[in-house]
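>>> need coordinates for the below:
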Amino acid sequence: MMVIVNAVIGVIGGSGLYAFLDDVTEHAVDTPYGPPSDPVVVGEVAGRQVAFLPRHGRDHRYPPHLIPYRANVWALRHVGARQILAPCAVGGLRPELGAGSFVLPDQLIDRTSGRTQTFYDAGAVHVNFADPYCPVGREAVRATAGATGVQLTDGGTMVVIEGPRFSTRAESRWYAQLGGAVVNMTGHPEAVLARELALCYTAIALVTDLDAGVEGEHGVTQEEVFAVFAQNTERLRGLLMATIAALPDKRDCPCPHALDGTNAPEV
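Numbering: from 1, shown residues only. Predicted coordinates for the structure are as follows:
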């Protein structure tokens, strides 16, 4: 298939971020893995073409375990995106990471099950995933947050669970003991699929709640998560807009070389 547009940057919106760009053109992308969560919309930010895709669909019809992750990542690459920003809602696993906090994860623990997490079902294609997020993308977010006054916790492990249920208290405490800072349901396989296509991928986590086992008797509710995300949508949107402007034009990071030496077939 030919590239429809040349959107150099992609944004995958998480829960509550169903619209991001103004004055957009909409593109229905057909992928080898079925349709993505929604048509890709493309608009301009700081003179750059940016593609946006709501992870769950605009009507939040896809629960975490049924999101078409392969189609979503493939579709963004198809319209030209080589750098992806991935905002997401997370639960805090440490008392200091309360609702409204921003975290820039640097590590990931996969606790999902049954999700297809590779584009390569034939042959041996093993990508380096020791550091799951783009170092240049992380630096752009870090610098932007500092310049715009957004308080950001730099670093932390994101534990990705299967969902759609929230954690038990025991699970939550276990994740914290494993070294987790935040817990989420969508960060994997999205990150590794981006790596398999040699894309830059940077997660930006917005804490919507303290997870069940952190403190007190209160359990997490969906209403609470959505309400906190809505309250912070404009802060997140501002951080994303500024980061897009700060991302370098030329990729000078390990991500473009993820498939070097693997003999990976074209997907």
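>>> element containing the closest residue in space to L178 that isn't next to it in sequence, please.
Distances taken as C-beta to C-beta, 6 or more residues apart in numbering place I109 nearest to L178, at 6.3 Å, with adjacent residues excluded. Quick note: C-beta positions are derived from backbone N, CA and C, even for glycine. Using DSSP states H and E, I109 maps to strand 107-111.
>>> which residues touch that strand?
Strand 107-111 is contacted by residues 117, 131-133, 155-162, 175, 178-180, 187-189, 191 when judged by C-beta atoms under 8 Å, 6 or more residues apart in numbering.
>>> from these, list the buried ones, please.
117, 132-133, 156-161, 175, 180, 187-189, 191 (16 or more other C-beta atoms under 10 Å).
>>> and the two most separated of the residues you listed?
Spanning the widest gap among the buried ones among the contacts of strand 107-111 are Q117 and G156, at 21.8 Å by C-beta to C-beta.
>>> most centrally placed residue in this protein?
Nearest residue to the geometric centre of the chain (C-alpha atoms, centre = their mean): A86, 2.8 Å.
>>> that one contacts I204, correct?
Yes - look at A86 against I204 with C-beta atoms under 8 Å: they come within range, at 6.9 Å.
>>> with just CA atoms, put the strand holding I109 into CSV.
Taking Å, rounded to 0.1, in the frame of the first residue of the first chain, the C-alpha atoms of strand 107-111 are listed here in CSV:
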residue,chain,number,x,y,z
GLN,A,107,10.7,0.4,32.1
LEU,A,108,7.8,-2.0,31.6
ILE,A,109,6.7,-5.3,33.1
ASP,A,110,4.3,-7.3,31.0
ARG,A,111,1.5,-9.1,33.0
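>>> tell me which of the buried ones among the contacts of strand 107-111 fall in strands.
The strands, defined by DSSP state E, take in T157, M158, V159, V160, I161, G180 from those.
>>> nearest to L247, of the buried ones among the contacts of strand 107-111?
Set against L247, the nearest of the buried ones among the contacts of strand 107-111 by C-beta to C-beta is Y133 (13.6 Å).
>>> the closest residue to the closest one other than its chain neighbours: what's it in contact with?
Of all residues not flanking Y133 in the chain, T202 sits nearest, at 5.5 Å (C-beta to C-beta, 6+ apart). Contact analysis of T202 by C-beta under 8 Å, 6+ apart lists Q83, I84, L85, A86, L104, Y133, C134, G137, R138, A140, V141.
>>> can I get the residues you listed in JSON lines with pLDDT?
Listed next are the contacts of T202 as JSON lines, based on pLDDT from 0 to 100:
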{"residue": "Q83", "pLDDT": "98"}
{"residue": "I84", "pLDDT": "98"}
{"residue": "L85", "pLDDT": "98"}
{"residue": "A86", "pLDDT": "97"}
{"residue": "L104", "pLDDT": "98"}
{"residue": "Y133", "pLDDT": "98"}
{"residue": "C134", "pLDDT": "98"}
{"residue": "G137", "pLDDT": "98"}
{"residue": "R138", "pLDDT": "98"}
{"residue": "A140", "pLDDT": "97"}
{"residue": "V141", "pLDDT": "97"}
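>>> how close does P189 sit to Y33?
Using C-beta to C-beta, to the nearest Å, P189 is found at 12 Å from Y33.
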